[in-house]
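Colleague: Here is my input; please provide its structure:
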Amino acid sequence: MSRLGRLVGVGVGPGDPDLLTLKAVRALESADVVAHFAKAGNASNARSTVRQFLRPGITEMPLLYPITTEQPTDDPKYRSAIQGFFNDAATAIAAHLDAGRTVAVLSEGDPLFSDPTCTFTYA
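Modeller: Just a heads-up that it's a prediction; the model follows:
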(Lines give C-alpha, C1' and ligand atoms only; values in the text may rest on other atoms or scores of the structure.)
Protein backbone atom coordinates (compact mmCIF):
# COMPACT_ATOMS: atom_id res chain seq x y z
CA MET A 1 0.00 0.00 0.00
CA SER A 2 1.41 3.39 -0.94
CA ARG A 3 1.41 6.28 1.48
CA LEU A 4 -1.43 8.73 1.26
CA GLY A 5 -0.81 12.20 -0.06
CA ARG A 6 -1.43 15.32 1.99
CA LEU A 7 -3.08 18.56 0.95
CA VAL A 8 -1.85 21.60 2.87
CA GLY A 9 -3.48 25.04 2.61
CA VAL A 10 -0.87 27.78 3.11
CA GLY A 11 -1.99 31.35 3.70
CA VAL A 12 0.61 33.87 2.57
CA GLY A 13 -0.93 36.81 4.41
CA PRO A 14 -0.90 40.33 2.96
CA GLY A 15 1.96 39.67 0.54
CA ASP A 16 5.03 40.45 2.64
CA PRO A 17 7.38 37.43 2.93
CA ASP A 18 8.54 38.68 6.34
CA LEU A 19 5.02 38.14 7.67
CA LEU A 20 4.77 34.43 6.78
CA THR A 21 4.41 32.20 9.81
CA LEU A 22 7.10 29.68 10.65
CA LYS A 23 4.51 26.96 10.19
CA ALA A 24 3.79 28.19 6.66
CA VAL A 25 7.51 28.18 5.81
CA ARG A 26 7.89 24.64 7.20
CA ALA A 27 4.91 23.51 5.11
CA LEU A 28 6.56 24.93 1.98
CA GLU A 29 9.88 23.30 2.84
CA SER A 30 8.26 19.88 3.22
CA ALA A 31 5.95 20.06 0.19
CA ASP A 32 6.60 18.00 -2.92
CA VAL A 33 4.35 20.23 -5.03
CA VAL A 34 3.35 23.88 -4.64
CA ALA A 35 0.13 24.95 -6.36
CA HIS A 36 -0.66 28.63 -6.84
CA PHE A 37 -3.54 30.50 -8.43
CA ALA A 38 -3.23 33.30 -10.99
CA LYS A 39 -5.14 34.73 -13.88
CA ALA A 40 -3.91 33.27 -17.17
CA GLY A 41 -1.14 35.53 -18.47
CA ASN A 42 -0.35 36.98 -15.03
CA ALA A 43 2.08 36.03 -12.29
CA SER A 44 0.77 34.60 -9.04
CA ASN A 45 0.95 37.10 -6.18
CA ALA A 46 1.01 34.26 -3.65
CA ARG A 47 3.88 32.54 -5.45
CA SER A 48 5.83 35.82 -5.58
CA THR A 49 5.40 36.16 -1.81
CA VAL A 50 6.88 32.72 -1.06
CA ARG A 51 9.52 32.65 -3.84
CA GLN A 52 12.48 32.75 -1.44
CA PHE A 53 11.15 29.76 0.53
CA LEU A 54 10.75 27.36 -2.41
CA ARG A 55 13.35 24.62 -2.75
CA PRO A 56 15.24 24.48 -6.06
CA GLY A 57 13.59 21.94 -8.34
CA ILE A 58 10.29 21.78 -6.46
CA THR A 59 7.36 20.87 -8.66
CA GLU A 60 5.17 23.91 -9.20
CA MET A 61 1.57 23.74 -10.32
CA PRO A 62 0.26 27.05 -11.62
CA LEU A 63 -3.55 27.01 -11.51
CA LEU A 64 -4.48 29.58 -14.13
CA TYR A 65 -7.98 31.01 -13.99
CA PRO A 66 -9.44 31.04 -17.53
CA ILE A 67 -11.66 33.99 -16.68
CA THR A 68 -11.95 36.49 -13.84
CA THR A 69 -13.73 39.81 -14.31
CA GLU A 70 -14.38 39.59 -18.06
CA GLN A 71 -17.90 38.30 -17.43
CA PRO A 72 -20.34 38.79 -14.55
CA THR A 73 -20.17 35.90 -12.09
CA ASP A 74 -23.84 35.10 -12.64
CA ASP A 75 -23.34 34.70 -16.41
CA PRO A 76 -23.68 31.04 -17.46
CA LYS A 77 -20.46 31.31 -19.53
CA TYR A 78 -18.55 32.42 -16.45
CA ARG A 79 -20.09 29.69 -14.29
CA SER A 80 -19.24 27.03 -16.86
CA ALA A 81 -15.66 28.22 -17.37
CA ILE A 82 -14.90 28.53 -13.67
CA GLN A 83 -16.51 25.18 -12.80
CA GLY A 84 -14.44 23.48 -15.50
CA PHE A 85 -11.33 25.18 -14.15
CA PHE A 86 -11.95 23.98 -10.60
CA ASN A 87 -12.74 20.45 -11.79
CA ASP A 88 -9.50 20.33 -13.80
CA ALA A 89 -7.49 21.78 -10.89
CA ALA A 90 -8.95 19.21 -8.48
CA THR A 91 -8.14 16.37 -10.88
CA ALA A 92 -4.55 17.58 -11.32
CA ILE A 93 -4.02 17.94 -7.57
CA ALA A 94 -5.64 14.54 -6.91
CA ALA A 95 -3.13 12.89 -9.25
CA HIS A 96 -0.28 14.15 -7.04
CA LEU A 97 -2.11 13.06 -3.89
CA ASP A 98 -2.78 9.62 -5.38
CA ALA A 99 0.98 9.34 -5.97
CA GLY A 100 1.58 9.99 -2.25
CA ARG A 101 2.90 13.53 -2.62
CA THR A 102 2.35 16.46 -0.29
CA VAL A 103 0.72 19.36 -2.15
CA ALA A 104 0.82 22.87 -0.66
CA VAL A 105 -1.86 25.12 -2.14
CA LEU A 106 -1.06 28.80 -1.68
CA SER A 107 -3.77 31.24 -0.70
CA GLU A 108 -3.43 35.00 -0.77
CA GLY A 109 -4.44 36.44 2.57
CA ASP A 110 -6.24 34.21 5.03
CA PRO A 111 -7.08 30.73 3.73
CA LEU A 112 -10.24 30.87 5.90
CA PHE A 113 -8.82 28.55 8.52
CA SER A 114 -8.03 29.46 12.11
CA ASP A 115 -4.52 28.08 11.64
CA PRO A 116 -2.04 29.46 9.03
CA THR A 117 -1.79 25.97 7.58
CA CYS A 118 -4.40 23.25 7.53
CA THR A 119 -3.52 19.67 6.63
CA PHE A 120 -5.96 17.22 5.08
CA THR A 121 -5.40 13.56 4.49
CA TYR A 122 -6.50 12.44 1.06
CA ALA A 123 -8.06 9.02 0.95
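
Colleague: can you pull up the bridge partners for the residue nearest the centre of the chain?
Modeller: Closest to where the C-alpha atoms of the chain average out (Cα atoms, centre = their mean) is V105, at 2.4 Å. Legend: beta-bridge partners of V105 under DSSP bridges are G9, A35.

Colleague: Identify the residues contacting it.
Modeller: 7-10, 35-36, 93 (Cβ atoms under 8 Å, 6 or more residues apart in numbering). Where you see a C-beta, it was placed from the backbone N, CA and C, and this is true even at glycine.

Colleague: Most neighbours of all those, which one?
Modeller: V10 (27 neighbours; other Cβ atoms under 10 Å).

Colleague: Against L20, how distant is it?
Modeller: 9 Å (Cβ to Cβ, to the nearest Å).

Colleague: Give the residues shared as contacts by the two.
Modeller: With Cβ under 8 Å, 6+ apart, V10 and L20 have common neighbours V50.

Colleague: residue boundaries of the strands in this protein?
Modeller: 6-11, 33-39, 59-65, 102-107, 117-121 (DSSP state E).
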